[in-house]
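# I'd like to go over a predicted model; first the sequence, then the structure.
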Amino acid sequence: MRPVLVYDGDCAFCSSTARLLVRWVPTVAAVEPWQRLDLEELGLTETACRESVQWVDAGERPVGGPLALAGFLRSSGGPVWRLIGRVLALPLALRAADPAYRLIARNRHRLPGGTPTCRLPGQR
């Protein structure tokens, strides 16, 4: 199975960010909205996919949030992106990245490209 970064395709901010990643990060991974995927086959839930970006790689447990971004970056063909992915997955980096990710996720409807449909499930 090809690794996949799964995002919320109903969120304009998330879709814009996914397009930027596809454009700037060379990778063999797919970048797909969860709405087009068989979530059960990937071991994901709709709730998890609405709350944060997800990374699914064969033989590994799916992860979300900054760990998902780290997994995606580590799959890159570019050495700088791979290094950033490895650093992001370190415990010390995650202490900063996780709260930052949650802050962005909670406010994604307010960010450039965001719309009311970008709100997290508990905010609707």
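Arrived safely, thanks for sending.
# residues contacting the most centrally placed residue in the chain?
With distances taken as CA atoms, centre = their mean, residue 53 lies nearest the centre of the chain, 2.9 Å away. Residues in contact with residue 53, defined by CB atoms under 8 Å, 6 or more residues apart in numbering, are 5, 6, 7, 8, 14, 64, 65, 68, 69. In this view, the C-beta of every residue, glycine as well, is placed from N, C-alpha and C.
# Name the member of those residues that has the highest neighbour count.
Using other CB atoms under 10 Å as the neighbour test, these are led by residue 6, with 27 neighbours.
# Next, the buried residues of the longest helix seen in the chain.
Criterion DSSP state H: the longest helix present in the chain is helix 91-106. Residues of helix 91-106 classed as buried: 94, 97, 101, 105 (neighbour count, 16 or more other CB atoms under 10 Å).
# now swap in stretch 25-39 and tell me
Buried residues in stretch 25-39, counting neighbours by 16+ other CB under 10 Å, are found at 25, 27, 29, 31, 32, 33, 34, 37, 39.
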